[in-house]
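*Asks:* Need a 3D model of the sequence below.
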Amino acid sequence: MTSYTDKIREISKRLLKEGKVDMVIGFAKGSVPMMHQPMFAGNAGDVDRFAWDGNCGINLANYVTDRKEKIGIVAKGCDARNLAVHIVENKISRDQLYIIGVPCTGMIDRHKITARVPGEIEALVEDEAGKTVTVSGAGFSETFDRADVLQENCALCMHRNPVIYDELIADEVPEQSEKEVDRYAAVRKVEEMSPDEKWAYFEDLLSDCIRCYACRNACPLCYCPTCFVDESKPQWVGKSVDPTDIRIFHFLRAYHCAGRCTDCGACVRSCPMGINVRALTKKLEKDCLENFGWEAGLTTDQRPPLDTFKPDDPEQFIK
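*Replies:* So this is what the prediction gives:
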């Protein structure tokens, strides 16, 4: 990953020195292992703090909403797709962005690693070939196959390369195919359950939610000036951790993302309780693909299917 970091720094310095952008948004190493943080570089001297490896899971598209500056932004596949959604939804214009595309082979799931080691992790090192991850701490050092500790959304990703960019930092990586990964296996498993089983499944899924809104705040699609959970006139949903209020929050937020979600995993990555929020959005992604042939963020020329009307839209769901 050293070559990626070097190239990101090189491009960012050039853009800032030539005055092509007012800032570059990228990643810097965080204060704790496996938690890199977004960084805004406003001059060429700042970019030496930029870093890139498998800990850059935050979706940087979250930081361009309604901005007025000319922005350089480091974007892996899902970030670029969210930038496309932003452009389609008029949250930023394409000519404001200089997209530094990063071909991506997936981000590391820190929860998977911390569950497998005996103590607090002090350091993480990825081999340059991208095959293994070594973590160490007081009295231990363990190496994992990188493929075994990827975020679930990354393991199933079908669009690893940025779909829109101004400059790629490396050659494109091979895309996964439907023959290699079954991205909707978990969804079909729930679809096949009986109504009672589904109810129990979702009750268990959301039982640990504390209504902290980390999933909403991390999501690059949640940019409404006032979220429906914060409305008071009318008040759509209660503020408590009552199971009914929790269900309404998660189900309505998921529907707001229908046809727009790129499965970047920001919601799951940010959840302090480890809730698999993707169980909701992945189902809606599958429905949009099957009913409309639509995947979010692959074009800047077409609005999502639930944002448009066509006389020949399928209506099998209307009873």
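*Asks:* Over to A200: give its phi and psi.
*Replies:* Geometry field for A200 lists phi and psi as phi -60, psi -40, criterion degrees, to the nearest 10.
*Asks:* Could you check how far C257 is from C267?
*Replies:* Separation of C257 from C267 (C-beta to C-beta, to the nearest Å): 9 Å. Where C-beta positions appear, they are placed from N, C-alpha and C, glycine not excepted.
*Asks:* hey, what's in contact with both of the two?
*Replies:* Residues touching both C257 and C267 (C-beta atoms under 8 Å, 6 or more residues apart in numbering): C219, T281.
*Asks:* neighbour count winner among those two?
*Replies:* Neighbours per residue, other C-beta atoms under 10 Å: of C257 and C267, the larger number sits with C267, 29 against 23.
*Asks:* Please name the residues that touch the more buried one.
*Replies:* Counting by C-beta under 8 Å, 6+ apart, C267 has contacts C215, R216, A218, C219, V277, R278, T281.
*Asks:* okay, the first one: pLDDT?
*Replies:* With respect to pLDDT, C215 has a value of 94.
*Asks:* Show me where the stretch 151-300 of the chain has its helices.
*Replies:* 152-155, 185-191, 195-206, 214-218, 243-256, 266-270, 278-292 (DSSP state H, counting those that start in this stretch).
*Asks:* Which residues outside the fourth one are in contact with it?
*Replies:* Translated: helix 214-218. So helix 214-218 is contacted by 58-59, 62, 222, 227, 229, 253, 266-272, 275, 277 (C-beta under 8 Å, 6+ apart).
*Asks:* If any of those residues are buried, put those into a ChimeraX selection.
*Replies:* Typed into ChimeraX, the line below selects the buried ones among the contacts of helix 214-218, using 16 or more other C-beta atoms under 10 Å:
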select :58,59,62,222,227,229,253,266,267,268,269,270,271,275,277
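*Asks:* how deep is the nearest residue to D287 once chain neighbours are set aside tucked in, by neighbour count?
*Replies:* Nearest residue to D287 in three dimensions, chain neighbours excluded: A258, at 7.6 Å (C-beta to C-beta, 6 or more residues apart in numbering). By other C-beta under 10 Å, the residues close to A258 number 19.
*Asks:* I'd like the distance between A258 and I99.
*Replies:* The gap separating A258 from I99 is 25 Å, by C-beta to C-beta.
*Asks:* circling back to that earlier point, most neighbours out of the contacts of C267, which is it?
*Replies:* T281 (28 neighbours).
*Asks:* Contacts only, for that one.
*Replies:* By C-beta under 8 Å, 6+ apart, the residues touching T281 are A254, C257, A258, C261, D263, C267.
*Asks:* which one of these is nearest F27?
*Replies:* Set against F27, the nearest of these by C-beta to C-beta is C267 (18.9 Å).
*Asks:* need the contacts of T281 in JSON lines with distance to L298 and pLDDT, can you?
*Replies:* Formatted as JSON lines, those follow (distance: C-beta to C-beta, whole Å; pLDDT from 0 to 100):
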{"residue": "A254", "distance to L298": "20", "pLDDT": "94"}
{"residue": "C257", "distance to L298": "16", "pLDDT": "93"}
{"residue": "A258", "distance to L298": "16", "pLDDT": "93"}
{"residue": "C261", "distance to L298": "13", "pLDDT": "95"}
{"residue": "D263", "distance to L298": "13", "pLDDT": "96"}
{"residue": "C267", "distance to L298": "20", "pLDDT": "94"}
